[in-house]
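Q: I would like the atomic coordinates for the input below:
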Amino acid sequence: MKFLFEKLKTGKYDRLRVIRDGKAEEILCPKIGGIPHDMVHFAIENVMGRAGFMRRVAAGATLDQRMVSTIESDQMERLVEVLQADRLSGYPSAADMIDMYRVTFEARGVTPYPLAASDIAALRAEIARLETLWRQTAVGGVLALRFDTEHTH
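A: Sure thing, here's the model as predicted:
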């Protein structure tokens, strides 16, 4: 499945579209800085090979799905939050990122995914790669992405 990210000219959103069985679905994605919010989901799930919002869509869920909470989806959702904060925080050390990630679980009583410094490096590299591709995408243009099946954790 291809995820089609469209760079919109104005406003606070870009657009994500998928086409299945000849039918298009789309949602608006908040512009959060370097890449749209749902592209951060894509980056994390691509690197980690874990099921969150985007992998559920790839498996047949609709873009407007209500996420049913599972440990795995919660782990990936918290990782999205932490990675969005990463850039705003000036890219702290991997150890600090892992601690920040763990803190998000303490109040919820959920076990975090066992991240390693190498995971943080791989996630940052994937987000940087997507930021480069997104910068190269013209306004009104579309960036098509597919999961890299070689990444499985």
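Q: Could I get the full set of strands for the chain?
A: Per DSSP state E, the chain carries strands over the ranges 3-6, 13-20, 23-30, 142-145.
Q: With respect to burial, which of the ones you listed scores highest?
A: Burial of the strands of the chain is given as mean neighbour count (mean count of other C-beta atoms under 10 Å); strand 3-6 ranks first at a mean of 20. Glycine gets a C-beta too; all of them are placed from N, C-alpha and C.
Q: Contacts made by that strand with the rest, please.
A: 14-19, 29, 36, 38-39, 42, 54, 57, 134, 137, 140-146 (C-beta atoms under 8 Å, 6 or more residues apart in numbering).
Q: if we go to 10 Å?
A: Contact partners of strand 3-6, identified using C-beta atoms under 10 Å, 6 or more residues apart in numbering, comprise 14-19, 24, 26, 28-29, 35-36, 38-39, 41-42, 54, 57-58, 63, 130, 133-134, 137, 139-147.
Q: One more: stretch 134-144?
A: 2-10, 14-15, 17, 34-36, 39, 130, 133.
Q: now the strands of the chain in a markdown table, with distance to Phe105 and mean pLDDT?
A: Shown next, in a markdown table, are the strands of the chain (distance: least, C-beta to C-beta, whole Å; pLDDT from 0 to 100):
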| stretch | distance to Phe105 | mean pLDDT |
| --- | --- | --- |
| strand 3-6 | 27 | 97 |
| strand 13-20 | 27 | 96 |
| strand 23-30 | 24 | 94 |
| strand 142-145 | 28 | 97 |
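Q: Could I get those strands in JSON lines, plus columns for distance to Arg50?
A: Output for the strands of the chain, formatted as JSON lines (distance: least, C-beta to C-beta, whole Å):
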{"stretch": "strand 3-6", "distance to Arg50": "16"}
{"stretch": "strand 13-20", "distance to Arg50": "19"}
{"stretch": "strand 23-30", "distance to Arg50": "20"}
{"stretch": "strand 142-145", "distance to Arg50": "17"}
